[in-house]
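Novice: what shape does this take:
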Amino acid sequence: MRRACPSRAAGDIIREGRAQVLSFTMEATMSGSALPRLRMATRAAALLLAGGLATESPAAQAPDPENLARRARASASSSFSGQYAAQLACDGMIPQPAAQDDVGRAWAAKGNLHPEGVLFTMEWPQPVTVAEIVYYGRTGWVWEENWRDYEVYLDAEPGRAAPAAKGTLKPGHGPQRIPLAKATQVSRITLKFLNSYGGPNPGASEIQVYAESPADAVLGKFIAPSLVDGFALDPPEIQESPELLARLKSGGLGFTKLLVVQRYHINCSHVYTYHCEGQKNGGGLCVLDVTDGSLKRILDTPDGQILGCDLSYDGQTVLFSWRRAKSPFYQLYTVGVDGSGLKQLTAGDYYNYDGAWLPDGRIVFLSSRISQAAYCFFTPVGILYTMNADGTDQRRISANYLNDFTPAVMSDGRIVYGRWEYVDRPAIPIQSLWTINPDGTMLQGFFGNRVLDPASFIEPQAIPGSNAILCTLTGHNGSCRGAIGIVHPANGDNSQGSIRNITPEIRLRGVAVSSNGPRGPYQTPYPVDGTYLLVSHDGTILLRDYEGREQAMVLKPTDLGFYNPRPVRPRPKPPVRAPYVAPQSADQWATVFVQDIYNGLTPHVPRGEVKQIAVVQELRRGLISSPGIHNPAFDFQRVLISCGATYVPKKVWGFAEVAPDGSACFKVPARLPIYFIALDAQGRAVQRMRSHTALMPGEVQGCIGCHEQRHEPPQRDRLLPALARPPQELVPPEWGVRGFDYASIVQPVLNKHCIKCHNPHDGPKGIDLTGDRTDYFNVSYEHLARKDQGRTGSPYVNWIPTYNGHEWNILEITPKKWGSHASKLAQIVLANHPDALGKPRVSLDDASRRRIFMWIDLNVPYYATADTAHPDLPACRQMMPRDLRKVMDDVYARRCNDCHTAKSARVATPWRGHKWGELGVRIERPELNSFLLAPLARAAGGTERCGQPVFASSADTDLQAVLKTFAPIHELMRLRPRMDMPGAEPAACCRFAQAD
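Specialist: Coordinates of the predicted model:
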């Protein structure tokens, strides 16, 4: 909901609300899905009316007080980006809660770790009278992005005077008044926000300033967190069915008792943090007698919390995840359905959770025992394991470096689960459904690996008598609730036709629309049979049919909610999948065969063009907590790897030859996340996988092509030639099997062939390809990959952006669309960089070219590892002189400002025109930074690009003052080299023992 500027009359606002309803209705009618959009608009109007806005005409009431913030110049000590600048908190627009559309309409700080607080300042050219400030929390994504404690300073610097007001803000959406003791004339107001409610990027939807206290009707109504998502405003549309309730109570659905978990809703910041965030003690395991409505608690948890549960196939034993007493970690337990025989199965200083019974009596579950974390966040990652029913023989069956979710068992005995990944793609949308055998073999995508909305498919359950999966459809940010859908991939692995939304009041925007949604009140669905399901609707257990014709309320909470409903009854066991390989194979290799790589590549790639397949591993990041982790760069890279391209460092294991008929058979390393790149004769990628797979030791898997439809049948007459050949040993890259390190693999090629011309003094078109380190990378990487980047990388290198907001590129899988085939640099290299007459300037050997092409096709990684020597620095990498900006601003004001004003500048501003934040600062040989060479006389070794000397000599006092700021960085580099420097060693926090 876009609220109008409070200076407008209340009647106008109400009329705007009505106009919203009409426009939504018209749009919905045209699109054929009127219900959800009309309900959304009605809710928006209802919120306006709920704020107490008068219905009389504007002429009949006094004008509202002016919001003085609209005339202020706003600034902040921290802003996430230009799209979340401070001025946007003074624009008169308040985004709707949980609408995920506050880009360009709200202010957000960068990260939530600000030990000195965050300052938000409003300034006026002439003094204004201020009596009250009104704060609207940032709730466009999650309500935790609200500030908490604050101080107000009037014409004073924080720390140099007592605050004029201080207090604590509440979490939620809507106005919160900050009154002053008395009306005061001021020219500047500084709000110091001391802390927040823990959301990723706290801020404000709006900050208003008034000379007199406005009426409640002007400001609107405050909405508490329980209503922020709007769930309580969306009751189910299905009519209650007394007949269905009577059938349930009579045992007509095959059970008379229902197992449920009673707990508080887990209000986590992301869909993958439900095991470690938003925890609140209380509740327990309960059994409901549906015949009389009596509820028996079989396990009480006053000092802990139960996450979820599963019931054994005989209906007698409950498997559940329990966080007890003072331990923050969930562990797995079993207990009889009557409350007897409690037994702990797992232990350790890590999370073991989300267990499900397997047909052979073993258990599949998630564990965070490997110390790893997502590259874009800082919470522990849980992946798939199995164990015996008594907790023994625990085995890892997943190689994921990001989170797996909520495993369950399909009707054919396979495990179905959610899996998050971002191989060369943005981080938000892809939490898709996958299947795997209980022994870890036959990992396969099930559905949604190129679906943008829903962003996440979790809590899958097999519908009896069907190959379809019932699951929760939800977003990436926020808690694990949303819509409920039935997924059947028969209509396509990523097709809208394969998703059936059985909660149509929750809108799905379409598989090609990135919305970070849907949002809704539903979670933990469970199929009763082929007709009915049980589901938690914001803590209330509902029974409804898949067609949406009838519904019965089964269990309604009075305080804590109810989740994970399981009918207490025996159920059929799926078949036991026969083990494919020995559990403890000594051979740590597996075999992959390709039937015809051109299946999926034509017509873009003619037959005969693909010569090799590269096998690439995605390397995991260790779980560490440090100031640098909480201060990411290039969107959300917590440990920096690239300039907004790959999140993940890569290791090339080697290359396999592709036969003329398109077939290949080769060995791959087992139990690792790997993917494949199809290469032409020059070593350029014609297609890359953009998803990872993993095989168990000794396993043999194959595919019929490259990006073909997964359900396409193989050509049986072509299977034998591919399998008849013995698997090839991979040919390792000539630079060695190691993390791909730009500084040691690509830079030597540039040093040999390029820097004679492309140097800081004489670089054509200003391109400098030398290898001096910059604050984040090195100089050549800055110029080739980082500088002037856009939707498809940089002017010289085509790479896939992984920034939030670039989800569209996940759907762009046309061969040769990305990477070296589309890169100007690759064309220059192949042509040996001819001059105007066509004469080659350089002559690169084949190995050197392949290094450059592989770097491009790995999505331009810079760092070879996620380890860091500097966990305290921004993004665990940035080496920036602390006083550089301060000293440069002083020099700029005294010696540069006269020429470099906005109207009279003859050339780009040497300091601010250096594109601070877009092009790195050289920390090795800092005197060669362009902003220092430009004002330096040519006779003194400068470029004099300012048009006249500003520094006549390199001994200039101001120039030396600037260079002096680099001394602490040089000492730090000497004592603790960065991970792209010789002699670098990981910090102690990165040296952890890895459990498995």
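Novice: please tell me how far T301 sits from S367.
Specialist: 21 Å (Cβ to Cβ, to the nearest Å). Bear in mind the C-beta positions are built from the backbone N, C-alpha and C, glycine included.
Novice: of the two, give the one with the bigger neighbour count.
Specialist: S367 (27 against 20; other Cβ atoms under 10 Å).
Novice: can I assume W855 sits in a strand?
Specialist: No. With DSSP: H, G, I helix; E, B strand; the rest coil as the criterion, W855 is helix rather than part of a strand.
Novice: ok, it - contacts?
Specialist: Taking Cβ atoms under 8 Å, 6 or more residues apart in numbering, we find W855 in contact with F740, Y742, I745, V746, P861.
Novice: repeat that with 7 Å
Specialist: W855 sits next to F740, Y742, I745, V746 when contact means Cβ atoms under 7 Å, 6 or more residues apart in numbering.
Novice: and the third one, what does it touch?
Specialist: By Cβ under 7 Å, 6+ apart, the residues touching I745 are W735, R851, W855.
Novice: same list, the contacts of W855, but as CSV with pLDDT and distance to K192 please.
Specialist: Listed next are the contacts of W855 as CSV, based on pLDDT from 0 to 100; distance: Cβ to Cβ, whole Å:
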residue, pLDDT, distance to K192
F740, 99, 44
Y742, 99, 41
I745, 99, 47
V746, 99, 45
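Novice: which ones among those map onto helices?
Specialist: The helices, defined by DSSP state H, take in Y742, I745 from those.
Novice: please pick the buried ones from the contacts of W855.
Specialist: Among the contacts of W855, those classed as buried by 16 or more other Cβ atoms under 10 Å are F740, Y742, I745, V746.
Novice: save the residues you listed as a markdown table, and put in distance to W799 too.
Specialist: Below are the buried ones among the contacts of W855 laid out as a markdown table (distance: Cβ to Cβ, whole Å):
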| residue | distance to W799 |
| --- | --- |
| F740 | 14 |
| Y742 | 13 |
| I745 | 16 |
| V746 | 14 |
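Novice: for stretch 851-867, measure first residue to last.
Specialist: For stretch 851-867, the first and last residues are 23 Å from each other (Cα to Cα, to the nearest Å).
Novice: ignore what I typed, I meant stretch 269-289.
Specialist: 35 Å.
Novice: on that earlier part again, tell me the one of the contacts of W855 nearest A633?
Specialist: Y742 (16.4 Å; Cβ to Cβ).
Novice: ok, the closest one - contacts?
Specialist: Neighbours of Y742 in contact, by Cβ under 7 Å, 6+ apart: Y781, W855, P861, Y862.
Novice: let's see 8 Å
Specialist: Applying Cβ under 8 Å, 6+ apart, the residues contacting Y742 are F777, N778, Y781, W855, V860, P861, Y862, Y863, A864, D980.
Novice: dump the residues you listed into JSON lines; add secondary structure as well.
Specialist: Below are the contacts of Y742 laid out as JSON lines (three-state DSSP):
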{"residue": "F777", "secondary structure": "coil"}
{"residue": "N778", "secondary structure": "strand"}
{"residue": "Y781", "secondary structure": "helix"}
{"residue": "W855", "secondary structure": "helix"}
{"residue": "V860", "secondary structure": "coil"}
{"residue": "P861", "secondary structure": "coil"}
{"residue": "Y862", "secondary structure": "coil"}
{"residue": "Y863", "secondary structure": "coil"}
{"residue": "A864", "secondary structure": "coil"}
{"residue": "D980", "secondary structure": "coil"}
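Novice: of the residues you listed, grab the buried ones for PyMOL.
Specialist: Applying 16+ other Cβ under 10 Å to those, the buried members can be selected in PyMOL as follows:
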select buried, resi 777+778+781+855+860+861+862+863+864+980
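Novice: pLDDT weak spots in the stretch 851-996 of the chain?
Specialist: 901-918, 992-996 (pLDDT under 70).
Novice: just the strands in it please.
Specialist: Here the stretch 851-996 of the chain has no strands by DSSP state E, counting those that start in this stretch.
Novice: next one: the stretch 451-600 of the chain
Specialist: 456-462, 469-474, 483-487, 499-501, 522-527, 532-537, 540-545, 551-555, 561-567, 589-594.
Novice: which of these sits closest to S205?
Specialist: Short answer: strand 469-474, nearest of the strands of the stretch 451-600 of the chain by Cβ to Cβ, at 23.0 Å.
Novice: now do the closest one: distance to the chain's middle.
Specialist: 19 Å (Cα atoms, centre = their mean, to the nearest Å).
Novice: how about that strand as PDB, C-alpha atoms only?
Specialist: Extracted in PDB, the C-alpha atoms of strand 469-474 (Å, rounded to 0.1, in the frame of the first residue of the first chain):
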ATOM      1  CA  ILE A 469       4.000 -33.900  -4.000                       C
ATOM      2  CA  LEU A 470       2.100 -31.700  -1.500                       C
ATOM      3  CA  CYS A 471       4.300 -28.900  -0.300                       C
ATOM      4  CA  THR A 472       4.600 -25.400   1.100                       C
ATOM      5  CA  LEU A 473       5.200 -22.600  -1.400                       C
ATOM      6  CA  THR A 474       6.900 -19.700   0.200                       C
END
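Novice: neighbouring strands for that strand, and are they parallel or not?
Specialist: strand 456-462 (antiparallel), strand 483-487 (antiparallel) (DSSP bridges).
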